[in-house]
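**Student:** What follows is a predicted protein model with its sequence.
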Amino acid sequence: MSNAELMTLNINGERFEVAVQIGHTLLEILRDQLFLTGTKRGCNQGVCGACTVLRDGVPTSACLSLAVDCSDFQITTIEGLCEPGEVHPVQQAFIDVSAPQCGFCMSGMVLVAKTFLDSTPHPSRDQIREALSGNLCRCTGYIKIIEAIELASERTS
């Protein structure tokens, strides 16, 4: 890989040494080098939310984040949301109400919902809609997604 430099990224509680070119996005590194494919490549413009990861706990578009700018942050992908073999309560709520259809947007939705519920444990439907405004789902009418977040709110409070 020409013009690549080795750098360390902190992802899901582990340190990874990766070869990064100046223009590589975090999304490219996650999917193409680390094979963390739960982070989806959607619009590549930061508007669909499919590539959402948590950067120091804040939802961030991995497609717009340059990898070289991420070395000082803790990155959490859907794979690192909980311990291997476990299901996070937000994920379980999505499963229980059958919110996912194709599942493409779900990792971003779950990560946004988790951080939203951390700061707003008893949200209204309008607050949920606002929190999800950066995440698009082309399969559902969002009703089941909203219901899943309401259920997760009930279970985690």
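**Tutor:** Arrived safely, thanks for sending. This structure is a prediction, so every number in the text was calculated from the model and none was measured.
**Student:** So which residues of the chain form strands?
**Tutor:** Secondary structure of the chain (DSSP state E): strands at 5-11, 14-20, 52-55, 58-61, 74-76.
**Student:** In CSV: those, plus distance to Cys139.
**Tutor:** All C-beta spots, glycine's among them, are computed from the backbone N, C-alpha and C. Listed next are the strands of the chain as CSV, based on distance: least, C-beta to C-beta, whole Å:
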stretch, distance to Cys139
strand 5-11, 28
strand 14-20, 32
strand 52-55, 17
strand 58-61, 20
strand 74-76, 25
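**Student:** and those, which is most packed in?
**Tutor:** The highest average neighbour count among those, using mean count of other C-beta atoms under 10 Å, belongs to strand 52-55 at a mean of 24.
**Student:** Quick check: can you name the pairing partners of that one and their directions?
**Tutor:** Here strand 52-55 has these sheet partners by DSSP bridges: strand 58-61 (antiparallel), strand 74-76 (antiparallel).
**Student:** out of the ones you listed, nearest to Pro100?
**Tutor:** Of all these, the one in closest proximity to Pro100, counting by C-beta to C-beta, is strand 58-61 (18.4 Å).
**Student:** Can you name the residues that contact Ser87?
**Tutor:** That one is not Ser; residue 87 is Val. Val87 makes contact with Ile95, according to C-beta atoms under 8 Å, 6 or more residues apart in numbering.
**Student:** where's it relative to Ile145, distance?
**Tutor:** Noted for Val87: a distance of 17 Å to Ile145, by C-beta to C-beta, to the nearest Å.
**Student:** For Ser107, which of the strands of the chain is the nearest?
**Tutor:** Nearest to Ser107 among the strands of the chain is strand 52-55; the distance by C-beta to C-beta comes to 7.2 Å.
**Student:** Starting from Val87, give me the distance back to Cys155.
**Tutor:** If you look again at residue 155, you'll see it is Arg, not Cys. Arg155 sits 12 Å away from Val87 when distances are taken as C-beta to C-beta.
**Student:** To clarify, my last question referred to Leu30.
**Tutor:** From Leu30 to Val87 the distance is 21 Å (C-beta to C-beta).
**Student:** Could you do Ser133 as well?
**Tutor:** As defined by C-beta to C-beta, Ser133 lies at a distance of 26 Å from Val87.
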